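J.: what shape does this take:
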Amino acid sequence: MVSKTSKANKAKKGALKTAEQTEEQQPREYEMVVIINPELDEAKFNNTLDGITKLITDNGGVVFEVKHWGKRKLAYPIKKFSEGNYVLTYFQLQPASSKGIEAKLQISEDVLRHMLVRLGS
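T.: A predicted model of the protein is given here:
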């Protein structure tokens with residue numbers, strides 16, 4: 001015999017799982033700062049930016065805005081560089097795709113560092 005509280009708890013857990021699944025399926029807004037190798041020429045730099053944008057769109061994302069902040073001095077050397085080209089990107093993406101994008105940016109030789117932040121709640 002199953003008690004009423006046990007049935008209620010199971011119903012609550014089921015409702016929470018359903019809410020979590022629909023929340024995970026909703027695209028979220030992100031901002032990402034990328035520091036790109038400062039020694040790249042303009043064509044290679046633009047190819048790297050296009051590759052990042054393509055990476056987002058190929059994973060079902062929508063890029064809203066890309067801001068190039070220019071070369072800036074780094075707080076500490078990264079891969080023997082004291083400067084880096086900073087780029088800020090705003091986009092929308094499925095949460096499950098964000099880990100794949102971060103993994104690909106991490107292995108890129110032209111990207112020194114990146115930081116992906118989810119916006120909103």
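J.: the strands in this structure, which residues?
T.: Along the chain, counting by DSSP state E, strands occupy 28-36, 62-78, 81-93, 111-118.
J.: what does the average pLDDT come to for the first one?
T.: The one in question is strand 28-36. On average, the pLDDT along strand 28-36 is 97.
J.: and it, what does it pack onto?
T.: helix 42-58, strand 81-93, helix 95-107, strand 111-118 (3 or more C-beta pairs under 8 Å, 6 or more residues apart in numbering; DSSP states H and E). In this view, the C-beta of every residue, glycine as well, is placed from N, C-alpha and C.
J.: now do the residue most central in space within the chain against E102, distance only.
T.: Nearest residue to the geometric centre of the chain (C-alpha atoms, centre = their mean): L116, 4.2 Å. Using C-beta to C-beta, to the nearest Å, we find L116 at a distance of 6 Å from E102.
J.: returning to that earlier point: turn the strands of the chain into a markdown table, columns for distance to E42.
T.: Converted to a markdown table, the strands of the chain look like this (distance: least, C-beta to C-beta, whole Å):
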| stretch | distance to E42 |
| --- | --- |
| strand 28-36 | 12 |
| strand 62-78 | 11 |
| strand 81-93 | 10 |
| strand 111-118 | 17 |
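J.: closest to G51 out of these?
T.: Closest to G51 of those, according to C-beta to C-beta: strand 111-118, at 9.5 Å.
J.: what about M115, distance to T57?
T.: Going from M115 to T57 by C-beta to C-beta gives 20 Å.
J.: I meant to write Q25 there.
T.: From Q25 to T57 the distance is 19 Å (C-beta to C-beta).
J.: related to what we said a few turns ago, can you add mean pLDDT and give the helices and strands packed on strand 28-36 back as CSV?
T.: Putting the helices and strands packed on strand 28-36 into CSV (pLDDT from 0 to 100) gives the following:
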stretch, mean pLDDT
helix 42-58, 95
strand 81-93, 96
helix 95-107, 93
strand 111-118, 96
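J.: any idea which of these is most buried?
T.: Stretch with highest mean neighbour count among the helices and strands packed on strand 28-36: strand 81-93 (a mean of 18; mean count of other C-beta atoms under 10 Å).
J.: for that one, C-alpha coordinates in CSV please.
T.: Written as CSV, here are the backbone C-alpha positions of strand 81-93 (Å, rounded to 0.1, in the frame of the first residue of the first chain):
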residue,chain,number,x,y,z
PHE,A,81,51.8,36.8,-24.8
SER,A,82,51.5,40.1,-22.9
GLU,A,83,48.7,41.5,-25.1
GLY,A,84,45.5,40.1,-26.7
ASN,A,85,42.7,41.0,-29.0
TYR,A,86,39.5,41.1,-27.0
VAL,A,87,36.1,40.3,-28.6
LEU,A,88,32.7,40.4,-26.8
THR,A,89,29.9,38.4,-28.4
TYR,A,90,26.2,38.3,-27.4
PHE,A,91,24.2,35.3,-28.6
GLN,A,92,21.3,32.9,-27.8
LEU,A,93,21.9,29.2,-27.6
